[in-house]
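>>> Sequence first, predicted coordinates after that:
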Amino acid sequence: MRMKSLVAALLSAGAVTFAYADITVGVLVSATGPAASLGIPEKNTFALMPTTIAGEKVKYIVLDDASDTTTAVKNTRKLLTEDKVDVIIGSTITPNSLAMVDIAAEAETPMISMAASARIVDPVDAKRRWVFKTPQNDVQMSTAITEHMSNNGVKTVAFIGFSDAYGEGWWQEFSKIAEVRKMKVVANERFNRADTSVTGQILKIMSTNPDAILIAGSGTPAALPQKTLKEKGYKGKIYQTHGVANNDFLRVCGKDCEGTLLPAGPVLVAAQLPDTNPVKKSALEYIAKYEKAHGPGSVSTFGAHAWDAGLLLANAVPAALKKGKPGSKEFRAGLRDALEATKNLYAAHGVYSMTTTDHLGLDQRSRVMVKIEGGKWVALK
């Protein structure tokens, strides 16, 4: 009997060791629903991720939240309680990511968001100390837009954005910076991601006769206000956010996109950047890998957000392994600490250097101003 008990104990210990062998990564993307044009290239990118890091096998569990906050919450809980993931990467969009913050923090599991709002990681409090992100903040990109507006004679500007956390985040940051630059914001309108008409909002905006209009949306739904503006004869400057930087937006918006201005991550126009740009090499490496799998011209800035999350994780794993084995509380805490300690990590969208108060870590090297000309992205000098 004692021998049987000993064998059972050894087998049990062996099973536990085997369970610790894999680093388990929980991934949430919006591969369907209004944000699908963002989530699909992210999902595709995870298929290109390394299957081993620092000698440890890596298991990716990828779930679709359908661009829905409730589903994102449900899937996050599943990944944490049933799959016992070591880290969560996601979600694609701001509302879903914000809803996930409390859950990840409660489970003391690091989370790397692929959504834009600064509010996902700022301020770094007891909850957000577990949360990091890869896309440029709405603060950074608002600075780029207002700088371009100011340099090009814009005195009055109107705003139309999503009626959710993404649009609200942009409104808060953009309106503050516009005021500092002495531009008058003459209208503030909102629309839903699934709306089929924004005529009422656009007519209100056009009645104020603004020099420029900022559309704070993402993916293909952001084309709707722009197409309506063109239909109604608006002749001023139109700006979009980096949330539209993919080919699906160009396809849906078509000729109505011509002349649009937006800030974007370097990966969108990497081949056009000077060789002195510090991000060009790492951006081109991602583009080559993605297009080898999906064809020329298939790359997306949103896929690059996923790629950069993978680079952050790979960079953090060696230090975390010194704290504990995958599957353990010590390993998860070690990952959190190592992510926060990231310094000078060259990635597709910029150079990441985190601190205890900055869980994005990107500086102005992470953005360029772009214009849509001839149905293509053109980097402005």
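Perfect, thanks for sending it.

>>> For the closest residue to residue 220 other than its chain neighbours, give me phi and psi.
With sequence-adjacent residues excluded and distances taken as CB to CB, 6 or more residues apart in numbering, residue 220 is closest to residue 252, at 4.5 Å. Every residue, glycine included, has its C-beta placed from N, CA and C. Dihedral pair for residue 252: phi -70, psi -40, per degrees, to the nearest 10.

>>> distance of residue 252 from residue 219?
Distance, residue 252 to residue 219, using CB to CB, to the nearest Å: 9 Å.

>>> where does the protein have low pLDDT?
Within the chain, the ranges that satisfy pLDDT under 70 run 1-21.

>>> what's the domain layout of it?
19-136+287-366, 140-264 (automatic domain parsing).

>>> can you pull out the strands in the stretch 251-381 of the chain?
Taking DSSP state E, counting those that start in this stretch, the strands of the stretch 251-381 of the chain run over residues 261-264, 345-346, 351-352, 368-373, 376-379.

>>> Now that we have these, can you turn them into TSV and tack on distance to residue 317 and mean neighbour count?
As requested, these are exported to TSV (distance: least, CB to CB, whole Å; neighbours: other CB atoms under 10 Å):
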stretch	distance to residue 317	mean neighbour count
strand 261-264	29	25
strand 345-346	13	17
strand 351-352	15	20
strand 368-373	31	19
strand 376-379	34	16
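
>>> Test my guess that the residue nearest to residue 220 contacts residue 217.
No - Residue 252 lies out of contact with residue 217 (CB atoms under 8 Å); the separation is 11.8 Å.

>>> The two: who's more crowded?
Shown here are residue 252 and residue 217; by other CB atoms under 10 Å, residue 217 has more neighbours (27 against 19).

>>> what separates the more buried one from residue 198, distance-wise?
From residue 217 to residue 198 the distance is 10 Å (CB to CB).

>>> Repeat that for residue 378.
Taken as CB to CB, the span from residue 378 to residue 198 is 27 Å.

>>> likewise residue 341?
45 Å.

>>> what about those two, which has more around it?
Neighbours were tallied for residue 341 and for residue 198 using other CB under 10 Å; the higher tally belongs to residue 198 (22 against 14).

>>> buried stuff in the helix or strand hosting residue 74?
Assigned by DSSP states H and E, residue 74 falls within helix 69-81. Buried positions in helix 69-81, judged by neighbour count with 16 or more other CB atoms under 10 Å: 69, 71, 72, 73, 75, 76, 79, 80.

>>> Columns distance to residue 246 on top of the residues you listed, output as a markdown table?
Formatted as a markdown table, the buried residues of helix 69-81 follow (distance: CB to CB, whole Å):
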| residue | distance to residue 246 |
| --- | --- |
| 69 | 22 |
| 71 | 22 |
| 72 | 21 |
| 73 | 26 |
| 75 | 23 |
| 76 | 25 |
| 79 | 26 |
| 80 | 30 |
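
>>> Can you tell me which of those residues lies closest to residue 365?
residue 72 (30.7 Å; CB to CB).

>>> ok, back up a step: between residue 217 and residue 198, which contacts overlap?
Shared contacts of residue 217 and residue 198, defined by CB atoms under 8 Å, 6 or more residues apart in numbering, comprise 191, 224, 225.
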